[in-house]
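Q: please find the sequence and the predicted model below.
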Amino acid sequence: AGFFAVQMTMGPQDAAAAFDLQVGEVKAVSQAFTGAASGYGRGVNAFTVIFLHNLLVLALIICMSVLWGAGAIVILVWNASVLGVFFNAVVAKARGTGEYAAIAGLSLGVLGIMPHGTFELLAYLTGALAGGILSAAIVRRQQLSDGFILVLYDSARLFALSVLFVAIAAAIESQAIALG
């Protein structure tokens, strides 16, 4: 919401300059599922592409959490900024088509993301928690103790749960794309 609000208060040129990378990411994601992208071979379905992309994001979050306890925040803030740009694009597209079109456009944007986004966010937060727990144990030098096996086990369970959440999110998102 913060990135959306900041972008809405900026002029179009300033917003384009400040959020250029995020605009590119939104375009890349939308092109991947409109047939405009040539990077995916024939027979690769939307679920596979989405699942592998989100699994990569999850792996980055976990690695950042383990290497730098608060490192996952960087990836989560990046995702939030991309969402803000997406919402701004939806509102900008709806502007001028009616008195309440911007509100309706934003509502549709939120409702379009909410079903799968909830599970993606759960996956990323659970992964960040798994990495953070492991990082804390390493920093406290618990890997030399018997309790470290339990910490590894708990982190592995949280990681597995986060992969499950990514799979659920990818299934929901790919079905939404298939239904159009």
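A: Nice, I can see it.

Q: which stretches of the chain have low pLDDT?
A: 1-44, 93-112, 142-144, 178-180 (pLDDT under 70).

Q: now do the SS call for Leu60.
A: helix (DSSP: H, G, I helix; E, B strand; the rest coil).

Q: what does Ile138 give?
A: helix.

Q: tally of neighbours for the closest residue to it other than its chain neighbours?
A: Using Cβ to Cβ, 6 or more residues apart in numbering and skipping the chain neighbours, the partner closest in space to Ile138 is Val66 (7.4 Å). Quick note: C-beta positions are derived from backbone N, CA and C, even for glycine. Val66 has 20 neighbours, counted by other Cβ atoms under 10 Å.

Q: ok, now Leu158?
A: Neighbours of Leu158 (other Cβ under 10 Å): 20.

Q: what does Ala130 give?
A: Neighbour number of Ala130 under other Cβ under 10 Å is 25.

Q: how about it, what does it touch?
A: Ile62, Ser65, Asp154, Ser155, Ala156, Leu158, Phe159, Ser162 (Cβ atoms under 8 Å, 6 or more residues apart in numbering).

Q: if we go to 7 Å?
A: Ile62, Ser155, Leu158, Phe159, Ser162 (Cβ atoms under 7 Å, 6 or more residues apart in numbering).

Q: returning to that earlier point: now name the helix or strand holding the residue nearest to Ile138.
A: helix 46-67 (DSSP states H and E).

Q: in that helix, what's buried?
A: Buried residues in helix 46-67, counted by 16 or more other Cβ atoms under 10 Å: 46-47, 49-51, 54-55, 57-58, 60-62, 64-66.

Q: let's see which of the contacts of Ala130 end up in strands.
A: Using DSSP state E, the subset of those located in strands is empty.

Q: same list, the residues you listed, but as JSON lines with distance to Val85 please.
A: What follows is the contacts of Ala130, written out as JSON lines (distance: Cβ to Cβ, whole Å):
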{"residue": "Ile62", "distance to Val85": "25"}
{"residue": "Ser155", "distance to Val85": "33"}
{"residue": "Leu158", "distance to Val85": "30"}
{"residue": "Phe159", "distance to Val85": "29"}
{"residue": "Ser162", "distance to Val85": "25"}
